Every structure is written in structure tokens, then in C-alpha cells.
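Student: Let me see the structure of the following:
(2 chains)
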2 protein chains.
Amino acid sequence: MTQITIQTPDDWHLHFRDGDILTETVAATARCFSRAIVMPNLVPPVTNAAMLTEYKSRILAAKPAQSNFQPLMTLFLTNSTTVEDIAAAKQAGAVACKLYPAGATTNSDAAVSALDAMFPIFEAMAEQGLLLLIHGEVTRHEIDIFDREKAFIDEHMTKIVARLPQLKIVFEHITTADAAQFVAEGPDNLAATITPQHLMLNRNDLLVGGVKPHNYCLPVLKRSTHQQALRDAVKTGSKKFFLGTDSAPHEKHMKESACGCAGCYSAWSALELYTQVFEELDALDKLEGFASHHGADFYGLPRNEGTVTLVKEEWQIPAEIILPNGNPIVPFYAGQTVNWKLKAE
Amino acid sequence: MTQITIQTPDDWHLHFRDGDILTETVAATARCFSRAIVMPNLVPPVTNAAMLTEYKSRILAAKPAQSNFQPLMTLFLTNSTTVEDIAAAKQAGAVACKLYPAGATTNSDAAVSALDAMFPIFEAMAEQGLLLLIHGEVTRHEIDIFDREKAFIDEHMTKIVARLPQLKIVFEHITTADAAQFVAEGPDNLAATITPQHLMLNRNDLLVGGVKPHNYCLPVLKRSTHQQALRDAVKTGSKKFFLGTDSAPHEKHMKESACGCAGCYSAWSALELYTQVFEELDALDKLEGFASHHGADFYGLPRNEGTVTLVKEEWQIPAEIILPNGNPIVPFYAGQTVNWKLKAE
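Tutor: Below is the predicted model of the structure:
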């Protein structure tokens, strides 16, 4: 196949950040995605309806003039979140709430430390028709970083799923065979997003031949058997798995540092890289479901109108991109060759 | 205990590098160690007697004028090394040869790729009384980085040890419970060095809360159960384990980069950090054996005359050190507090 046309896709998990970087990040996503679930981990986090409304306005103001791109907003859950906050967020247009265990990733210090106390909030979300999006890792100091997703399943996810059959739950950016199996075997109200980097890479790509901060994200890349399990999961075409890039920009100096930030800025190439993965899997026929159908169906939103076309054509991801503030950022897969290219309209 | 005096120690594994950095690295080691086994992975590597003699001269020229520090030189093994090279290296004063699997660490591309072909060389080394120092990791692409030491034991180390009872072998910078057990249970001609970072840290210290290139070394930090096994091993006081810092300087910009180099520059604080570890283990009585006796005894060299004294006193490792070329380097444990301090003479 040298060309593939699919219904216009969405990105069900990403980070736009805030401020003048929005003109870069929103445009990069809007080039091919019609909608995106926008993570709320700003500083301070988006914890109420007013902040959510203002953040949405800033995103819309930053989008390219000709674009119909639509941000789907989320609320950041904390142990102070109230039932009233949930109702107000719904009223303001939120589609989901994000649960970060405190300390799990960038700007998550304010997040949830007492998970059991959150069940009344989860129930309120189900009543309001808001989804629960979960960063599924425990953060206790003594737990090995490669065990943290599995430990979260055993300690929390099993209980959350069992107690909330009426709540739609997305296990975000899954990284392990354990998570893929848990989701595949779980009830219909449970689904998962998968990033391009977790389909393409394993922890050797982070640590062999030098430590590579631009391949560092959270949950961290796992061993190759887990990578293979994720590839197997998307190849099945199961409606429980869908596209979420977790595109997460950090300026170059924040990645190439003594303590490099977690996140891969993949918006520049994510759809093309997913296409490459599905081609490697001999499963290009499953790309459209993963990228354009499963997520919308799970969220209960209409599928997009229109299509995008990818052509088989090699191109190179730039080594750096200059942000509006003049600082460079290194995109995911920088300097490397991609086999598919989005066709200009 | 607030003060401890031990026979002057040696460092049985380190990297001085070459050029003007030698005035920094040799002085840092000479402040407390009387001798050091000097790794030969220069560019190009030290593969013959002439290079070894010249490198030794450069090290001696760089040492502080008042110091009696003595470098112990090693030859870099390749698949081109001959029996004559071994005899000439011995003649030139070499005490050991270093076996790097090709691609295992910094500047090891020229190293050994066909290990079975090396046995005649190993036999020549045994005849000459040279030790075999091994970086024990396989380097095949498909082997997970955290499995590489164990795989080396299973694929190569067991065979080398079984076939060469007359050759003294040091399993360098061991990082796993598997290696500690293999050495502890092995014959008397097998010993191991252990670095400060592998006693103090585990892979969470590399990857939790950000990726930390200054804690990146090879073999890479393992999970905490392996760290604990190494701590248990040195606490036994077994003569098979001794001090080898693997101090491995890289300029700051080579660590904080898109592909950070492997190695911790620990010479500034290694003896103090080991002392801290032995105190945590309630095993300060075992420090002298580990630091000053076991290595010399294993190598068949006299123990040092003189003593060094460490006092219990907090001090902070500098955030950066400026190298002779003007570039900064970040020492291991930079900016952190150490509980023991070498007493000035």
C-alpha cells in the first residue's frame, strides 16, 4: 500500500502546556487531529470550572485561523475536589477528569494521595457522564519504577473498576502486558490509550549506548516483551484500545539536564509513526479503528467528518524546533526517518 | 565512632582518561589512594606495550609533585591481541588485561567480539602472571539491558572460570545478586570489584522523578534487591570483594545531552561514600579489608604502608568542578552531603 485514507482521527491524550507555546503545540496537533483530550496538569493545575473555561479560551485563541480543531477539556482531580466542582466542570464543557497519583509525573504534586476518599467523586462523575482518565502508577518510594503500573492495577485499578461499573474509565498510556491484559479482559466501561513511543520502543532505547532523555517518559519504557504485548493488543483491532499520543513538550534544556523532565513531544509525527507501526504489524486495516473510531465511540462522541490521507514517503523529523519564546525543543524521533507522510489538503 | 584510621587504600578500577584532564583526575585519586588500576579504554585504546608505557608516563607526569601515587597499568584486549603482545605488556609493567565485550561501554568499539578465540591469550596471561579484568555484559541488541550481566555469567563467565583455574579473574563493577553469588561461590582465583554508586543507589535513583544522567553508568543501576545483595556481600567481609570506584569522568555537556555518556566521576568522594555505606551497614570494621587489603592480596601485591584517617564530619560535594580545559564536570553525588571526610595529613 502506498496511500491510506482514514476518517479524521482524534488524539485522546496530550499536553498542550500553556502560554505562548500554545501556538506551537495546538497547531502541531491540529494539522491532523480534529479533537484532543487536553491534560490539565498546568502550574497551578486546572482544578475548577473557571480555570478550565479560561484554559480552553487560550487554546482556541492559539489555534490556526483556518482550523476547526476542538479541544476536549479535563479537570485535574485532587483530594479537595468536591461534587460541586464536578457538576460545574461538566457545565463548563469538561468531558473527563484526570486522576494523577501525587508525584506520578510532571506537575502532579498537587494530585491525589488518598485514593479511597475519591469514590464519592467518581460516583458524581458517573452521574454527570464524565469519564475518569487514570495515570496508573503507584508512587511509593520503595516500589521499583518498572513495577509501578502493575502495582497500581493490583492495589487500585481492580477496585476502581469493580466498584464503578457505571463509570467510563480510560487507563491512560499503558505500558505493560499486565495493563493490556487487564483492559482486554475488563468490562466494556474500561479502555486504554497507547502512545507511539510505547509501541515503537523499549527500555533498551532509553539506556543502551548512552542515556537518551528524549526517549524518557512516564510511565517509563518497559522491557521488549511489554512493547510486544502492546503491539499485539493494537493488532487485534479491539475497540478497547485507541490513540493517545501523550505528546508532552519540554524545552530542550529541561530534557538534556541533570534531572530531565518526562515526556516525548510527538505531535509533529505521531499519526505518521502510528501508521508506520501498523504497517510493520501488517495491520494497516486496523489503523482507522484505533485512530478515528474507538476513542470517539468510547467517549460517546460522534466520529469526525472528513478524512486524512497518508502517503508512503520518507521524510525526516527535524532535529529541533524553535518555540515562540526562542528556545529550542527536540521533537520525538528527532532527526530520524519516517516512512509515512500526511498529505497536504 | 567519629574517626576511623585504615591502612592506605587502593582503587582497583578507574578511568583517568588522557590529555590535560589528567592533572584533575590523577590528583583527585592520589589524595587518598596509593595505587589504582588504570583502565585502557582511550581513543585509540591501549593495545600494546609502547602505548602502555607512554600512557603511564603521562599519568606520572600529571600527578602532584609530593605524591607517591603509583598507576597500575592494564592492556586493552582485542581480537588482534597476540601472545607476544601479552609478553611485551608484562615486560612493560602491566599487571592485568581488560576484556571489554565490543560495544559494552565508553570507547569499547574496538574490543572483543569473538570471545572463544581469546582462550590462548588468556592462557598466555596466566603464564605471565597477568590478571584478567572483565566487563561482564553481553551486548547483543535483543538482550534487555538489565539482563546483560546475568546473561554474560551464563554464556561466558562460567566457561572462562571453569577453563582457566590458573588465571586470576576480576569480575569488574558487579551490579547484580547473580554476580555477587557467582563470585562468592566461585574458586579462589575469582574476585570482584564494587563501585560506590552500585552500593548506594538503584535504578529508581536513575529514573524516578526525572532521568538523572549523572547516575547513569554501565553496567546500569539495577533494582533495589540487587543493590541489597551487593551491600550484603561487602558486609560479609569476604576477601573476594574489594574497592573499585569505576570513577569515569565525562564533561558536563557529554552527560547532560541527547545521548549521555556512561560513567560517574566519583574520585572526589569515593572513599568517603564507601565509608558512609559501611557505617550504614554497621560494618565499619570491614572497611579496611574491602578498601586496603583484599585487592592487594588478590593481585599478589604488597599492602600499602601508611594510613589514612576519616573523620565523621559533614561536607558537601561541589556542584561542578572546572577542568583544566575550562569545561565543567559534575562529580558523582554533586551538591549532596557526605557524612565522612578524609583528614588532611
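
Student: can you give me the helices in chain A?
Tutor: A:22-30, A:49-62, A:83-91, A:119-128, A:148-152, A:158-163, A:177-185, A:196-200, A:204-207, A:224-235, A:252-255, A:270-280, A:287-288, A:294-299 (DSSP state H).

Student: for the longest one, which positions count as buried?
Tutor: By that I understand helix A:49-62. Buried residues in helix A:49-62, counted by 16 or more other CB atoms under 10 Å in any protein chain shown: A:49, A:51-53, A:55-56, A:59, A:62. Where you see a C-beta, it was placed from the backbone N, CA and C, and this is true even at glycine.

Student: and if you look at stretch A:176-195?
Tutor: So, applying 16+ other CB under 10 Å, buried residues of stretch A:176-195: A:176-180, A:182-184, A:186, A:189-195.

Student: Looking at the stretch 101-250 of chain A, what residue ends up closest to chain B?
Tutor: Relative to chain B, the nearest point of the stretch 101-250 of chain A is residue A:210 (3.7 Å; CB to the nearest CB).

Student: that older thread, and chain B, which of the buried residues of helix A:49-62 reach it?
Tutor: When CB under 8 Å from any CB of the partner chain is applied, no member of those is adjacent to chain B.

Student: Make JSON lines out of those and add pLDDT.
Tutor: Below are those laid out as JSON lines (pLDDT from 0 to 100):
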{"residue": "A:49", "pLDDT": "98"}
{"residue": "A:51", "pLDDT": "98"}
{"residue": "A:52", "pLDDT": "98"}
{"residue": "A:53", "pLDDT": "98"}
{"residue": "A:55", "pLDDT": "98"}
{"residue": "A:56", "pLDDT": "98"}
{"residue": "A:59", "pLDDT": "98"}
{"residue": "A:62", "pLDDT": "98"}
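
Student: Please produce a markdown table containing those residues, extended by distance to residue A:321.
Tutor: What follows is these, written out as a markdown table (distance: CB to CB, whole Å):
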| residue | distance to residue A:321 |
| --- | --- |
| A:49 | 33 |
| A:51 | 28 |
| A:52 | 28 |
| A:53 | 29 |
| A:55 | 23 |
| A:56 | 24 |
| A:59 | 19 |
| A:62 | 16 |
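
Student: biggest separation within those, which pair?
Tutor: Of all pairs drawn from those, the greatest distance, 20.6 Å, lies between A:49 and A:62 (CB to CB).

Student: Strands of the stretch 201-345 of chain A, start to end?
Tutor: Using DSSP state E, counting those that start in this stretch, the strands of the stretch 201-345 of chain A run over residues A:241-243, A:307-316, A:321-322, A:328-329, A:337-342.

Student: quick one: strands adjacent to the fourth one?
Tutor: It stands for strand A:328-329. Strand A:328-329 sits in its sheet next to strand A:321-322 (antiparallel), going by DSSP bridges.

Student: Look up the closest residue to the residue of the stretch 101-250 of chain A closest to chain B, ignoring the ones flanking it.
Tutor: Distances taken as CB to CB, 6 or more residues apart in numbering or on different chains put residue B:259 closest to residue A:210, at 3.7 Å, once the chain neighbours are dropped.

Student: Phi and psi next, for the one you found.
Tutor: Main-chain dihedrals, residue B:259, degrees, to the nearest 10: phi -140, psi 90.

Student: residues touching residue A:75, list them.
Tutor: Contact analysis of residue A:75 by CB atoms under 8 Å, 6 or more residues apart in numbering or on different chains lists A:40, A:46-49, A:52, A:81, A:85-86, A:89, A:94, A:96-98, A:130.

Student: Quick check: bridge partners of it?
Tutor: Going by DSSP bridges, residue A:75 forms beta bridges with residue A:97.

Student: mind checking how far it is from residue A:176?
Tutor: Applying CB to CB, to the nearest Å, the value for residue A:75 to residue A:176 is 27 Å.

Student: What residues does chain A have near chain B?
Tutor: A:103, A:141-142, A:144-146, A:202-204, A:206-214, A:216, A:220, A:223-224, A:256-262, A:330, A:334.
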